[in-house]
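[1] next comes the sequence, and after it the predicted model I'd like to discuss.
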Amino acid sequence: MMRAFPFLMVLLLAATPAFADAWSLRMDIPAITSDDKVVEHAMKGLYKAQGSDKFGEVLSVVEKMAEKDAEAAFRLGRYYDVETPLPDYARAIAFYQKAAGMGHGFAMNNLGLIYERGNGVSKDPKKARELFESSAHARDHHGYLNMARLNFEGKLMPRNVEKGMAWLQEAMDNRVKGSFLDAANVYHGGFFGVEQNRAKALKLLEKAASLGDDDAAGRVANIYLYGDCAKDIGLYSRLRGNDNCIPENPRKSIDLFNALARRNDTDALTSLGNIYWKSDIVPTDLTLAVTYWNRAAELGSCSAMTFLAKAYEGSEGFTKDGSRVLEYLEQAGECNPRDAASLYRLGKYYFDEKNPYRDCAKAERYFQRAVASGRREAYTDLGFIYDKGCAPVPEDKKKAFGYYLTGAKLNVPLCQNNTGAMLRHGWGVEKNQVKGYAWMQVAAGNGSGSAKKNLLEFEVMFKRQDKQDGLKYIPTIKDMIENAKKDVAVAFDGNY
């Protein structure tokens, strides 16, 4: 199946407009789903329990599974590594090691990244390289890709582009799942000194598709949908094509999507829905779009559920229907409990005063899950709920300040403004005009309209000396923000 994953390690290349991300190269793609349905079900339960009093109970179940199940141990390792707001590298390493000991190649790869980066341990280039190599020998494409990267970059070993390509070629020769996509991404982006060649990248994807890789087939369909050309390619080349320009071929794209759809490929069904919803390729057919999305959703496509929700929010051609929006958003959140966007939209939906289904307890819960899944803006909403109170959630200024402060140090402008306002008034925290002024200035500098307005309104209320001292304090705040980028624990340490 074709999935688009958030950026973590290397870089994001080009995205296909409104459809699946066709080009992304990274070293440790998140294990969003598992082929092991029991493990997947258990992890979904863990994600949904985050921040609740049931979390410990659910965690103990997954930990018991991890004693004998390599995939369960790996997923817990990833959970503590990159799936929580505050990583716990000691636990991540322990579970990765358990999974690696049972032969889990992906776990070996991620352990290598931990030792390469020095996350919770001293950097150990030799150990990192050994783990990447072990991962490759276990037939995991991430291990092959990281061994290629080390040779390409000359990192942890002398630079050798030929050896780097040899690692990618070995993975493809061994028919390692994902290896053709990795090699295609390297050629497409011209990474690591490899000459850019989009035509070769496409051939690699087509080869993978011929070997039964539907993910690759879906990416080929996406490429032909709009074409894939470098920015400096002229009109003639765009029409005829060359090594760095694949001309668009919408008919071929739709034929490929239809072939995949007949095999119940949910991403192809979702993409066909998108094509008939909004594109200049075929006449708009909303009934057909919904038919494709519904079929994909029935087969378990989380993205199709989010598109259905978006449509019924009042998108062009659709009648706004709040009950359907709620239905599809909740389905999407249930389908992928780490879908931060859907969780955040659910929180906003339940918090909306105009919504007949308003439920502040549910809103707070969804905002908690959204921040746990990486949606930093939700700290603003959590702060606001406790700042003002929203039955049955009681007002708690101290808790509100804590949420605002965490978001502020994670560089959320409105959280920075609200942190400044709380400090200025002494709400939930000891009054401090100097730091309040400084935080508002930082927020205004980050584009917060509220901060700019507050600074104008409060200008006469701040003493001249407080403003001067506040300006001097701004570098300290900026240091905290920069340090939080390097170590997220700084955002939770309570300093302001």
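    Ah, there it is.

[2] CA atoms for contacts and neighbours, from now on please.
    Fine.

[3] low-confidence ranges in the stretch 101-250 of the chain?
    Scanning the stretch 101-250 of the chain for pLDDT under 70 picks out the ranges 231-242.

[4] rerun that using 80 as the cut-off
    The model of the stretch 101-250 of the chain has pLDDT under 80 over residues 155, 230-244.

[5] quick one: the strands in it, in order.
    Read by DSSP state E, counting those that start in this stretch, the stretch 101-250 of the chain holds these strands, from start to end of the chain: 228-229, 245-246.

[6] select, out of the ones you listed, the one closest to Pro475.
    Minimum separation from Pro475 across these (C-alpha to C-alpha) falls at strand 228-229, 43.3 Å.

[7] as CSV, the strands of the stretch 101-250 of the chain with distance to Cys335 and mean neighbour count would be great.
    Putting these into CSV (distance: least, C-alpha to C-alpha, whole Å; neighbours: other C-alpha atoms under 10 Å) gives the following:
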stretch, distance to Cys335, mean neighbour count
strand 228-229, 32, 22
strand 245-246, 35, 22
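
[8] next, format those as JSON lines and append distance to Asp493.
    JSON lines is the format used below for the strands of the stretch 101-250 of the chain (distance: least, C-alpha to C-alpha, whole Å):
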{"stretch": "strand 228-229", "distance to Asp493": "46"}
{"stretch": "strand 245-246", "distance to Asp493": "50"}
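
[9] who wins for proximity to Lys163 among those strands?
    Evaluated over the strands of the stretch 101-250 of the chain, closeness to Lys163 peaks at strand 245-246, with 27.5 Å, by C-alpha to C-alpha.

[10] continuing past the closest one, what's the next helix or strand?
    Tracing the chain past strand 245-246, the next element assigned as helix or strand by DSSP states H and E is helix 250-262.

[11] which strands or helices does that following helix pack on?
    helix 214-226, helix 266-277 (3 or more C-alpha pairs under 8 Å, 6 or more residues apart in numbering; DSSP states H and E).

[12] show me what the first one is packed against.
    I take that to be helix 214-226. helix 198-210, helix 250-262.

[13] again, but for the shortest one
    Of the remaining helices and strands, those touching helix 266-277 by 3+ C-alpha pairs under 8 Å, 6+ apart are helix 250-262, helix 286-298.

[14] how about residues contacting that helix?
    Residues outside helix 266-277 that contact it (C-alpha atoms under 8 Å, 6 or more residues apart in numbering): 1-3, 18-20, 218, 254, 257-258, 260-261, 281-286, 288-293, 295-297, 299-301, 303-304.

[15] change it to 7 Å
    Counting by C-alpha atoms under 7 Å, 6 or more residues apart in numbering, helix 266-277 makes contact with 1-2, 19, 218, 257, 260-261, 282-286, 288-290, 292-293, 296, 299, 301, 304, all of which sit outside it.

[16] count the neighbours of Ala209 for me.
    Other residues near Ala209 come to 18 when the count uses other C-alpha atoms under 10 Å.

[17] if I pick it, what's in contact with it?
    Contact criterion C-alpha under 7 Å, 6+ apart gives 216-217 as the residues in contact with Ala209.

[18] same deal with Thr306?
    For Thr306, the contact set (C-alpha under 7 Å, 6+ apart) comprises 328-329, 332.

[19] now render those as TSV, adding distance to Val460.
    Putting the contacts of Thr306 into TSV (distance: C-alpha to C-alpha, whole Å) gives the following:
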residue	distance to Val460
Tyr328	49
Leu329	46
Ala332	49
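
[20] let's have those in CSV, adding pLDDT, neighbour count and secondary structure.
    Formatted as CSV, the contacts of Thr306 follow (pLDDT from 0 to 100; neighbours: other C-alpha atoms under 10 Å; DSSP: H, G, I helix; E, B strand; the rest coil):
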residue, pLDDT, neighbour count, secondary structure
Tyr328, 95, 22, helix
Leu329, 93, 26, helix
Ala332, 93, 28, helix
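
[21] Arg139: which of those is nearest?
    The nearest member of the contacts of Thr306 to Arg139, counting by C-alpha to C-alpha, is Ala332 at 32.5 Å.

[22] quick one: the closest one and Ala304 touch, right?
    No: checked against C-alpha atoms under 7 Å, the pair Ala332 and Ala304 is beyond contact range at 8.3 Å.

[23] got the phi/psi numbers for Leu410?
    Here the main-chain torsion angles of Leu410 (degrees, to the nearest 10) amount to phi -90, psi 10.

[24] about what we covered before: for the helices and strands packed on helix 250-262, please prepare TSV with the additional fields mean neighbour count and distance to Phe318.
    Formatted as TSV, the helices and strands packed on helix 250-262 follow (neighbours: other C-alpha atoms under 10 Å; distance: least, C-alpha to C-alpha, whole Å):
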stretch	mean neighbour count	distance to Phe318
helix 214-226	24	25
helix 266-277	26	10
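
[25] among these, which comes closest to Gln465?
    Distances from Gln465 to each of the helices and strands packed on helix 250-262 were compared using C-alpha to C-alpha; the minimum, 57.6 Å, belongs to helix 266-277.

[26] what angle sits between that closest one and helix 286-298?
    When axes from the mean of the first three to the mean of the last three C-alpha atoms, to 10 degrees is applied, the directions of helix 266-277 and helix 286-298 differ by 160 degrees.

[27] what angle separates helix 266-277 from helix 214-226?
    Using the same axes, to 10 degrees, one finds that helix 266-277 and helix 214-226 are set 20 degrees apart in direction.

[28] what's the mean pLDDT across helix 266-277?
    Per-region confidence: helix 266-277 scores 96 on mean pLDDT.

[29] again, but for stretch 292-303
    pLDDT averaged over stretch 292-303 equals 96, rounded to a whole number.

[30] ok, stretch 339-353 next?
    Along stretch 339-353, the predicted confidence averages to a pLDDT of 94.

[31] for this structure, which helix is longest?
    Looking across the chain with DSSP state H, the single longest helix is helix 464-486.
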